[in-house]
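# Pasting a predicted model and its sequence here:
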Amino acid sequence: MTWTNLASWWEGELQRDPAYDEVVTPLAVSLLRSSAGTTVLDVGCGNGRIMGAIAKLGCVPVGTDGDIYLLRAARAAGPVVRGRLPGLEWCRTDAVDQALVSLVAEHLEQPVLLFAETARVVRLGGVLALVINHPVFTAPGSAPIYDTDGEMLWRPGEYFGNGYTDEPAGNSTVRFHHRSMADLLNAAAAAGWSLDHMVEIGVTDDQIRRNPELADQRHIPRLLGCRWINRSGEPPADPMKQG
């Protein structure tokens, strides 16, 4: 599987499923700081759908993605650079004020490098906003199940492992890598990111209206959003001056 093969499928999914515009994009931009004129690097920008929303905040979006087909569409929202993720070798150190990674990290085999690279290119005190499919949802074998009296329960699957699943995508598959919440947060902390805010979202009322079968899954987290502040260039705290 390559995203070059999946690009047309992805654009079709965006057209068919309004949840991206209704839920994902608002969550992503809510995690950014809306300071006018600040630069936001959209890592894995795809066709630039969120870049347009970033510009409406008054920020200056810059997109990067590995697929030239998607980048052609993204250019309508701002400047773009082709690059293979998770590396950002083309971008100089301290070049941007914020970085956004939306529905990308779960497709990367090495998320640790993603945190390290974004900490390098985002200035000290800048922001990393991350939106991913919730780790409860991506664990291999996790799924809704119904007991004998009809109550919907959630099977956690292999939550504490680092496995993956290959999900159908058009005529191909797309790979979702699973990381526990602890692994995710610790990887970010090791790169110098300080957690500032976290959001967990389940199915929305609009989604349930379109698909009533989802009502039983209202209590299951679907998306995770995190905002971190870049502390990677700060000297370590002096324990003698704390407390």
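That came through, no problem.
# can you map out the helices along the chain?
3-16, 19, 25-30, 49-56, 68-74, 111-121, 135-138, 181-190, 205-210 (DSSP state H).
# Is it possible to get JSON lines of these that adds mean neighbour count?
From N, CA and C alone the C-beta is placed, and that goes for glycine too. Formatted as JSON lines, these follow (neighbours: other Cβ atoms under 10 Å):
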{"stretch": "helix 3-16", "mean neighbour count": "15"}
{"stretch": "helix 19", "mean neighbour count": "18"}
{"stretch": "helix 25-30", "mean neighbour count": "18"}
{"stretch": "helix 49-56", "mean neighbour count": "20"}
{"stretch": "helix 68-74", "mean neighbour count": "18"}
{"stretch": "helix 111-121", "mean neighbour count": "22"}
{"stretch": "helix 135-138", "mean neighbour count": "20"}
{"stretch": "helix 181-190", "mean neighbour count": "16"}
{"stretch": "helix 205-210", "mean neighbour count": "13"}
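# would you turn the ones you listed into a markdown table with distance to R92 and mean pLDDT?
Shown next, in a markdown table, are these (distance: least, Cβ to Cβ, whole Å; pLDDT from 0 to 100):
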| stretch | distance to R92 | mean pLDDT |
| --- | --- | --- |
| helix 3-16 | 25 | 65 |
| helix 19 | 36 | 82 |
| helix 25-30 | 24 | 96 |
| helix 49-56 | 20 | 94 |
| helix 68-74 | 20 | 90 |
| helix 111-121 | 7 | 95 |
| helix 135-138 | 32 | 93 |
| helix 181-190 | 22 | 96 |
| helix 205-210 | 41 | 91 |
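# May I see these arranged in TSV, with distance to G157 as well?
Output for those, formatted as TSV (distance: least, Cβ to Cβ, whole Å):
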stretch	distance to G157
helix 3-16	24
helix 19	22
helix 25-30	24
helix 49-56	29
helix 68-74	31
helix 111-121	19
helix 135-138	9
helix 181-190	14
helix 205-210	22
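# To P86, which of those helices lies closest?
helix 111-121 (3.8 Å; Cβ to Cβ).
# Using PDB, write out every CA atom in that closest one.
In PDB, the C-alpha atoms belonging to helix 111-121 read as follows (Å, rounded to 0.1, in the frame of the first residue of the first chain):
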ATOM      1  CA  PRO A 111       5.900   8.000  15.600                       C
ATOM      2  CA  VAL A 112       8.900   8.800  17.800                       C
ATOM      3  CA  LEU A 113      10.700  10.400  14.800                       C
ATOM      4  CA  LEU A 114       7.600  12.500  14.100                       C
ATOM      5  CA  PHE A 115       7.700  14.000  17.600                       C
ATOM      6  CA  ALA A 116      11.400  14.600  17.300                       C
ATOM      7  CA  GLU A 117      11.200  16.200  13.900                       C
ATOM      8  CA  THR A 118       8.300  18.500  14.800                       C
ATOM      9  CA  ALA A 119      10.100  19.600  18.000                       C
ATOM     10  CA  ARG A 120      13.100  20.500  15.700                       C
ATOM     11  CA  VAL A 121      11.100  22.600  13.200                       C
END
